[in-house]
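Asks: Any chance you can model this:
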Amino acid sequence: MQQPQLSIFDNTARSEWVRVRTLTMLRWMAVAGQTLAVFVGVYFLDLDLQVGLCMLAIGISVIFNLIATFVLPESKRLSQKQAILTLLFDLGQLVFLLYLNGGLNNPFALLILAPVTISATALRRNASFLVAGTAVAAITFLAFYFQPIQTFSGQILHLPELYLAGIWAALVIGILFLSAYARRVTVETFTMSQALAATQMAMAREHELSMLGGVVAAAAHEMGTPLATIKLAASELEYDLADQPELQQDVILIGEQTDRLRQILRDMGDAGKEDMLIKKIPITGLVQAAAEPHENRGKEIFFIANGETDFSAMADIPFVANNLEIIHGIRNLIQNAVDFSTTSVWVQSVWTEKSIRILIGDDGKGYPVELLGRIGEPYLGKGKRSKQNGQARAGYEGMGLGLFIAKTMLERTGAQLTFANAAMDGYVNIGQNRYLRSMVGVSGAIVNVRWDRSKIEKTKGGAIEVNPQVE
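Replies: Sure thing, here's the model as predicted:
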């Protein structure tokens, strides 16, 4: 397989990689380090620092962090615009502190590389250029404009101009080199996401193959007339050749093979019409279609609809699009539940006037509590859940790419996903209590997939429905 050629500043690299939690943790570390540096400088190095302004700059970072922590979800990923503004804020706060404390004479000027490196790894090319250019401009500014560092005795601490110019050049080269290096490594790592692209391509191919059913149905219909003509001609020849048995047997064989071909085309046409016409499906039928590959894997799967186990006679089951993304996403979630369950999995379809839900639970050990806020990220917690359940499956990556793909595909259809454990206090909050009580055996993980009913429901009626009963 030919390896793709990767440009250092490949514009195909994605933004929305940076989580709020990541930048928040880094900012808390910066706040702690800056506070410690001011404390040591004043009380141990006898430096006459502008403590009030320094604490003001550090306090602004603290307020920014508190707002980000309490307002935004832990797992939220910043858009490119949000990430740029956040990195520029951190860069500006650091530049202000350096301005107050010696500019490039301050050894902590090296930290200006941090926001630049993050932008090179997480943002697109133009955004990376913007942050790097701002950093170079800030370094140039600090080379000429700054408040000198002095001791309480009045001694000014500064470097020779030649050495200061060397620091400026080193920082500029460092920005350019680290940006290029980090960008190259990130673009290479980005190829991991091709797993998702490959899955989407496979689904698109499956969809195209299903559409071939329509072509087969049309071909069967069009070929019916010439085959009927051949059959009629063969019947007349069979009568006319009654006095020539050898030729008559050949004509009879032609007639038999014509009948056989017509039957084959009829069967193919029926199958093609069925594939072509199933455009919408009851939510219960969709769930069963998604679970079908996992029904014979040694675990019992219970199907429930609005709290009822017998829903074959329900007349109000909503119809949804026979969407491959929904089926594939639900199938991955059911696979995960089957993999980590002890004996049973529960799959419940729930609908109200405003929403349609699919609840998937199992009787396993559940998700590791420390990872609940991060579920849905690729290659998260490799093998942890399988070890937790005492299952040894070499090479299996629990809660990794499968859940990432499922979450991504379902969210593309407008779904909202919630992951929880049955033992958690908040378990009943992810659905409606009367429906969750029908899943009495659930003791492990539970996933809630929710859509707005108005956005996913298809009008019932016509020949394009499928049987809503689950046998």
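
Asks: could you pull out the strands for the stretch 251-400 of the chain?
Replies: Along the stretch 251-400 of the chain, counting by DSSP state E, counting those that start in this stretch, strands occupy 280-282, 300-305, 319-321, 344-351, 355-362.

Asks: Tell me which of those strands sits nearest to L159.
Replies: With respect to L159, and counting by C-beta to C-beta, the nearest of the strands of the stretch 251-400 of the chain is strand 355-362 at 63.3 Å. (C-beta placed from N, C-alpha, C; glycine too.)

Asks: Other residues contacting the closest one?
Replies: 283, 287, 318, 320, 330, 333-334, 337-338, 340-342, 344-351, 422, 430-431, 435-436, 439, 442, 444-453, 456-457 (C-beta atoms under 8 Å, 6 or more residues apart in numbering).

Asks: which among those end up buried?
Replies: Among those, the ones that count as buried by 16 or more other C-beta atoms under 10 Å are 283, 287, 318, 320, 330, 333-334, 337-338, 340-341, 344-351, 422, 430-431, 435-436, 439, 442, 444-451, 453, 456-457.

Asks: residue furthest from the geometric center of the protein?
Replies: Relative to the centre of the chain, the most outlying C-alpha is that of D243, 75.3 Å out, by C-alpha atoms, centre = their mean.

Asks: Ramachandran coordinates for W451?
Replies: Per-residue torsions, W451: phi -120, psi 150 (degrees, to the nearest 10).

Asks: element containing V40?
Replies: Using DSSP states H and E, V40 maps to helix 20-43.

Asks: Show me what counts as buried in that helix.
Replies: Using 16+ other C-beta under 10 Å as the test for burial, helix 20-43 gives V20, R21, L23, T24, R27, A30, V31, Q34, A37, V38, G41.

Asks: before we move on, what about stretch 150-164?
Replies: Q150, L164.

Asks: Let me see the contact set for the nearest residue to I456 once chain neighbours are set aside.
Replies: Sequence neighbours aside, V320 is the residue nearest to I456 in space, at 5.2 Å (criterion: C-beta to C-beta, 6 or more residues apart in numbering). By C-beta under 8 Å, 6+ apart, the contact set of V320 is K280, I281, P282, I283, L286, I326, I356, I456, E457, K458.

Asks: what does I327 give?
Replies: So I327 contacts L286, A289, A290 (C-beta under 8 Å, 6+ apart).

Asks: Please narrow those to those residing in helices.
Replies: Applying DSSP state H to the contacts of I327, the entries found in helices are L286, A289, A290.

Asks: Out of the helices and strands in this structure, which is least certain?
Replies: Counting by mean pLDDT, DSSP states H and E, the weakest-scoring helix or strand in the chain turns out to be helix 384-388, with a mean of 46.

Asks: For the residue lying closest to I301 once chain neighbours are set aside, which residues are in contact?
Replies: Nearest residue to I301 in three dimensions, chain neighbours excluded: V345, at 4.9 Å (C-beta to C-beta, 6+ apart). Neighbouring residues of V345 by C-beta under 8 Å, 6+ apart: K299, E300, I301, F302, I334, A337, V338, I360, G361, D362, D363.

Asks: Please indicate which of these are buried?
Replies: Applying 16+ other C-beta under 10 Å to those, the neighbour count classes K299, I301, I334, A337, V338, I360, G361, D362, D363 as buried.

Asks: Go ahead and confirm the second one touches H294.
Replies: It refers to I301. Yes - in this structure, I301 is within contact of H294 by C-beta atoms under 8 Å, at 6.9 Å.

Asks: Which neighbours do these two have in common?
Replies: Contact with both I301 and H294 is made by residues I334, V338, according to C-beta under 8 Å, 6+ apart.

Asks: Closest to the centroid, which residue in the protein?
Replies: Most central in the chain under C-alpha atoms, centre = their mean is T408, positioned 3.2 Å from the mean C-alpha point.

Asks: Tell me how far that residue lies from G402.
Replies: T408 sits 11 Å away from G402, going by C-beta to C-beta, to the nearest Å.

Asks: E256 too?
Replies: Distance from E256 to G402, by C-beta to C-beta: 51 Å.

Asks: Between the two, which is the more surrounded one?
Replies: Neighbours per residue (other C-beta atoms under 10 Å) separate E256 from G402, with G402 holding more: 19 against 12.

Asks: residues in contact with the more buried one?
Replies: Per C-beta under 8 Å, 6+ apart, neighbours of G402: N332, Q335, N336.

Asks: so where does it fall, helix or strand?
Replies: Per DSSP H and E: helix 401-412 holds G402.

Asks: count of neighbours near G224?
Replies: By other C-beta under 10 Å, the residues close to G224 number 14.

Asks: quick one: pLDDT of it?
Replies: pLDDT for G224: 70.

Asks: Same question for the one 10 residues further on.
Replies: For A234, the model assigns a pLDDT of 80.

Asks: which one is it nearest to, not counting chain neighbours?
Replies: G255 (4.1 Å).

Asks: next one: K407
Replies: Leaving aside its sequence neighbours, K407 sits nearest to G376 (C-beta to C-beta, 6+ apart; 4.1 Å).

Asks: and the gap between the one you found and V369?
Replies: Per C-beta to C-beta, G376 is found 16 Å from V369.

Asks: And for S443?
Replies: Taking C-beta to C-beta, one finds S443 at 15 Å from V369.

Asks: With neighbour numbers in mind, choose between those two.
Replies: A side-by-side neighbour count of S443 and V369, using other C-beta under 10 Å, places S443 first with 18 against 10.

Asks: secondary structure class for the more buried one?
Replies: Under DSSP: H, G, I helix; E, B strand; the rest coil, S443 falls in the coil class.

Asks: Quick check: phi and psi at it.
Replies: Per degrees, to the nearest 10, the backbone of S443 is at phi -130, psi -10.

Asks: can you check L123 too?
Replies: Note on L123: backbone dihedrals following degrees, to the nearest 10 are phi -110, psi 170.

Asks: In contact with it, which residues?
Replies: By C-beta under 8 Å, 6+ apart, L123 lies in contact with S15, Q80, A83, I84, V131.

Asks: same thing with V185?
Replies: Neighbouring residues of V185 by C-beta under 8 Å, 6+ apart: T121.

Asks: Where does the prediction get shaky in the chain?
Replies: 1-17, 187-222, 266-278, 377-401, 424-438, 459-471 (pLDDT under 70).

Asks: what about the helices in it?
Replies: 20-43, 51-71, 80-100, 113-122, 125-144, 161-189, 194-240, 245-277, 283-291, 324-340, 384-388, 401-412, 433-436, 453-456.

Asks: Which of these sits closest to D310?
Replies: Among the helices of the chain, the nearest to D310 by C-beta to C-beta is helix 283-291 (11.5 Å).

Asks: Next, the angle from the closest one to strand 344-351.
Replies: 150 degrees (axes from the mean of the first three to the mean of the last three C-alpha atoms, to 10 degrees).

Asks: List the contacts of helix 283-291.
Replies: For helix 283-291, contacts defined as C-beta under 8 Å, 6+ apart pick out 281, 301, 303, 305, 311, 314, 317-320, 322, 326-328, 330-331, 334, 347, 349, 351, 356, 358, 466-468, 470.
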